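Enquirer: structural data only, the sequence is not supplied:
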């Protein structure tokens, strides 16, 4: 699964730490998600969508083979 | 998010203190008497022997339970997944050990004396050692993952 978290963060001038605090996870978890090493739950994905103010499918998208 | 039934993070210090105390008391009062083959031989248990038994069979498992079931600093879904993976690995190790136990017993029984087997079982034949295996796997993976994902890119 691909994600645009890094791009969205940069657009909103937000650090990983700020995003982590606003979604209630650790900074390492945000980093792992950005690197595509960890797939977030629906709840966390929805929280990120709320923080960024954009729909979930604009943050996460399926890749071929998913 | 799913509710996790874990002890507060501060309990890790309680668990750690219990682990250190359990290890020290076991090494001082329990392990030597087992190695010398004196454990349980006198018929009546003295104060230090009771202390040794309690520290080995009660304090150590209790410390493992506390350490296994207390929260990390930030207990999120990545950590929950890590806990699940560590638990699965531990279960696989446990099943493998259960399967090979009769084979191991058969061969080691022929190679070693019954006294050695008795001592070995007293010290390592306890199922709660698996809690420490889980703890070791979990803590190492936790440390490795946190180190790997600590640099902000």
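Expert: Sure thing, it's come through. From a predicted model like this one, the values you see are computed outputs, not experimental measurements.

Enquirer: surely residue B:23 touches residue B:60?
Expert: Yes. With contact defined as Cβ atoms under 8 Å, residue B:23 reaches residue B:60; the gap is 7.2 Å. C-beta: built from backbone N, CA, C; applies to glycine.

Enquirer: okay, those two: which has more neighbours?
Expert: residue B:60 (24 against 16; other Cβ atoms under 10 Å in any protein chain shown).

Enquirer: what's the closest non-adjacent residue to the more buried one?
Expert: residue B:22 (4.1 Å; Cβ to Cβ, 6 or more residues apart in numbering or on different chains).

Enquirer: how near is that neighbour to chain A?
Expert: As judged by Cβ to the nearest Cβ, to the nearest Å, residue B:22 and chain A stand 30 Å apart.

Enquirer: can you count the residues close to that residue?
Expert: For residue B:22, using other Cβ under 10 Å, the count is 22.

Enquirer: OK, contacts around it?
Expert: Applying Cβ atoms under 8 Å, 6 or more residues apart in numbering or on different chains to residue B:22 gives the contacts B:55-56, B:59-60, B:62-63.

Enquirer: any chance of TSV for these, columns pLDDT and secondary structure?
Expert: Listed next are the contacts of residue B:22 as TSV, based on pLDDT from 0 to 100; DSSP: H, G, I helix; E, B strand; the rest coil:
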residue	pLDDT	secondary structure
B:55	93	helix
B:56	93	helix
B:59	95	helix
B:60	95	helix
B:62	97	helix
B:63	97	helix
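
Enquirer: quick check, nearest of those to chain A?
Expert: Proximity of the contacts of residue B:22 to chain A (Cβ to the nearest Cβ) peaks at residue B:63, which lies at 25.5 Å.

Enquirer: gap between the residue nearest in space to the middle of chain A and residue A:46?
Expert: Centrality entry for chain A: nearest residue to the mean C-alpha point is residue A:5, 4.4 Å, by Cα atoms, centre = their mean. Residue A:5 sits 14 Å away from residue A:46, going by Cβ to Cβ, to the nearest Å.

Enquirer: noted, bye for now.
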